[in-house]
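*Asks:* Build the 3D model from these lines:
(chains A and B)
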There are 2 protein chains.
Amino acid sequence: MGEESGYSSSDKDVLFDDAVLKRLDLSACQFAERGQNYPKPGGADLLARPLQRGDFAKGILRLLSQLTRVGDYGRETYEAQFDAIKALPGMTYIVVVEDCSKQRVVATATLLVELKFIHNAAKRGRIEDLVVDEEYRHLRLGSFLLELLTVLSRELGAYKVTRDCRPPLEGFYKNYGYVNEGQLYLSQRFRD
Amino acid sequence: MGEESGYSSSDKDVLFDDAVLKRLDLSACQFAERGQNYPKPGGADLLARPLQRGDFAKGILRLLSQLTRVGDYGRETYEAQFDAIKALPGMTYIVVVEDCSKQRVVATATLLVELKFIHNAAKRGRIEDLVVDEEYRHLRLGSFLLELLTVLSRELGAYKVTRDCRPPLEGFYKNYGYVNEGQLYLSQRFRD
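*Replies:* You can find the predicted model right below:
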């Protein structure tokens, strides 16, 4: 396996089928219109792909810690959560961008899918846990992941996709078709 | 089956194990403090229980249509969605209150559970699709379901539970411990 020595076949276990990303029509996305050299699903160098079981070693938790508190847990807990999410197919699409030259995940975002009885028994999408490594923030990887998961959400049949965010980010999301309909977002915290 | 003639064993198929509700400690809830005659899980008359496969016949879609657009679909589609949700155990807790004297569901709310890698590989809860039949709105069934699912969320290990709502409802949710942390809630709609 050359560069990937120590990376076992179980590490390559994917959260969902990569074909889901590869078949998306991204031609209408802004990064495509800009002719941007985006991390094409299946591409080289910067590779967008589903989360893998081995991404613990490629720094997924270190990356997420740039977003919020991750906590100090080990590979076993990570793999157990990976397996629990994978056991619920079609619910959670966690995409990462890997810098293949460094075998390191440098951006990630999640599309969470909910099955509803309203809106003709529709699906509904949510964008979660979008973060780009600070060293890679000039590459518009956040925009790329947002557009990718928005398209995926529509392709999966969602009637809408939502995102909660801090107020300074409203303009960013508006660029990609998200609007503030005036709904409030309330929360109750049980622990840190 | 007496009153429930025509209601088959498949109709009694539950979305999740009723024991999940029955073992909750609800003694600290406001409806308990008020000494309110609330629809105790497993109680009679007004019965709080998991959604059943047969609730199509008990008016679940008519009830949801008081919340938002449901669309015009039949029992087969309802059951297919029920089965799809049930096939993903631990994700979706849809509770209904049935008026047993009328064999009719008169209130419902959903707790959606997400598995995260942040916050020590935590769960996170969301309250969704809370609605009470207009004829039953004097009974505080909405408060009851909100408290029930908030307690359930904590018992399942969620680090937080969230709710998006229209601004006039903010005070209602604040009564039950939900706070506005200033996050924005944005959406993108693909269809009605």
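
*Asks:* can you give me the strands for chain A?
*Replies:* Secondary structure of chain A (DSSP state E): strands at A:46-50, A:92-99, A:104-115, A:123-132, A:158-165, A:179-180, A:184-189.

*Asks:* Ok, which of these comes nearest residue B:188?
*Replies:* strand A:158-165 (5.3 Å; Cβ to Cβ). C-beta: built from backbone N, CA, C; applies to glycine.

*Asks:* Identify the residues contacting the closest one?
*Replies:* A:111, A:113, A:119-120, A:122-127, A:149-150, A:153-154, A:173, A:178, A:185, B:162, B:164, B:183-192 (Cβ atoms under 8 Å, 6 or more residues apart in numbering or on different chains).

*Asks:* Recalculate using a threshold of 7 Å.
*Replies:* Contacts with strand A:158-165, where a contact means Cβ atoms under 7 Å, 6 or more residues apart in numbering or on different chains, come from A:113, A:119, A:122-127, A:150, A:153, A:173, A:178, A:185, B:183-191.

*Asks:* Check stretch A:120-129 too.
*Replies:* A:64, A:67, A:108-116, A:146, A:149, A:153, A:156-163, B:71, B:73, B:77, B:81, B:118.

*Asks:* which of those residues are buried?
*Replies:* A:64, A:108-116, A:146, A:149, A:153, A:158-163, B:71, B:77, B:81, B:118 (16 or more other Cβ atoms under 10 Å in any protein chain shown).

*Asks:* Distance of residue A:65 relative to residue A:134?
*Replies:* Residue A:65 is 11 Å from residue A:134, where distance means Cβ to Cβ, to the nearest Å.

*Asks:* which of those two has more neighbours?
*Replies:* Using other Cβ atoms under 10 Å in any protein chain shown, the more surrounded residue of residue A:65 and residue A:134 is residue A:65, with 15 against 9.

*Asks:* Could you list the buried residues of stretch A:82-93?
*Replies:* Neighbour counts using 16+ other Cβ under 10 Å place A:82, A:85, A:86, A:88, A:91, A:92, A:93 of stretch A:82-93 among the buried residues.

*Asks:* Keep the residues you listed, but drop any that are not near chain B.
*Replies:* Among those, proximity to chain B is found for A:85, A:88, A:91, A:92 (Cβ under 7 Å from any Cβ of the partner chain).

*Asks:* is it true that residue A:56 touches residue A:75?
*Replies:* Yes - the criterion here is Cβ atoms under 7 Å, and residue A:56 meets it with residue A:75 at 4.8 Å.

*Asks:* neighbour-wise, which of these two wins?
*Replies:* Set residue A:56 next to residue A:75 and count neighbours by other Cβ under 10 Å: residue A:56 wins out with 21 against 13.

*Asks:* who's in contact with the more buried one?
*Replies:* A:75, A:78, A:79.

*Asks:* Run through the helices of chain A in chain order.
*Replies:* Listed in chain order, the helices of chain A (DSSP state H) span A:19-22, A:30-33, A:60-64, A:75-86, A:118-121, A:141-155, A:170-174.

*Asks:* So which elements touch the last one?
*Replies:* Secondary structure elements in contact with helix A:170-174, counted by 3 or more Cβ pairs under 7 Å, 6 or more residues apart in numbering or on different chains; DSSP states H and E, are strand B:184-189.

*Asks:* Show me how far the strand it packs on is from its chain's centre.
*Replies:* 23 Å (Cα atoms, centre = their mean, to the nearest Å).

*Asks:* ok, and does it reach over to chain A?
*Replies:* Yes - residues of strand B:184-189 contacting chain A under Cβ under 7 Å from any Cβ: B:184, B:185, B:186, B:187, B:188, B:189.

*Asks:* In contact with the fifth one, which residues?
*Replies:* This points to residue B:188. By Cβ under 7 Å, 6+ apart, the neighbours of residue B:188 are A:150, A:160, A:161, A:177, A:178.

*Asks:* so who does the last one touch?
*Replies:* Pointing back at residue A:178 there. Here residue A:178 is in contact with A:163, B:186, B:187, B:188 (criterion: Cβ under 7 Å, 6+ apart).

*Asks:* who does the first one bridge with?
*Replies:* The reference is to residue A:163. Here residue A:163 sits in beta bridges with residue B:186, as judged by DSSP bridges.

*Asks:* mind putting the ones next to chain B among the buried residues of stretch A:82-93 in TSV, pLDDT included?
*Replies:* Shown next, in TSV, are these (pLDDT from 0 to 100):
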residue	pLDDT
A:85	98
A:88	97
A:91	97
A:92	98
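
*Asks:* of the residues you listed, closest to residue B:9?
*Replies:* Nearest member of those to residue B:9, counting by Cβ to Cβ, is residue A:88, at 26.4 Å.

*Asks:* contacting residues around the residue nearest the centre of chain A?
*Replies:* The centroid of chain A falls nearest to residue A:109 when counting by Cα atoms, centre = their mean (2.3 Å). Contact analysis of residue A:109 by Cβ under 7 Å, 6+ apart lists A:95, A:127, A:129, A:130, A:145, A:146, A:149.

*Asks:* and of the residues you listed, the nearest to chain B?
*Replies:* Minimum distance to chain B across those is 6.5 Å, recorded for residue A:129 (Cβ to the nearest Cβ).

*Asks:* need the helix or strand of chain A with the lowest average pLDDT.
*Replies:* When each helix and strand of chain A is scored by mean pLDDT, DSSP states H and E, helix A:30-33 comes last, with a mean of 78.

*Asks:* what helices or strands is that one leaning on?
*Replies:* helix A:141-155.

*Asks:* who does the helix it packs on touch, helix- and strand-wise?
*Replies:* Checking 3+ Cβ pairs under 7 Å, 6+ apart, helix A:141-155 ends up next to helix A:30-33, strand A:92-99, strand A:104-115, strand A:123-132.

*Asks:* Tabulate the ones you listed (a markdown table), appending distance to residue B:23.
*Replies:* Below are these laid out as a markdown table (distance: least, Cβ to Cβ, whole Å):
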| stretch | distance to residue B:23 |
| --- | --- |
| helix A:30-33 | 50 |
| strand A:92-99 | 27 |
| strand A:104-115 | 25 |
| strand A:123-132 | 29 |
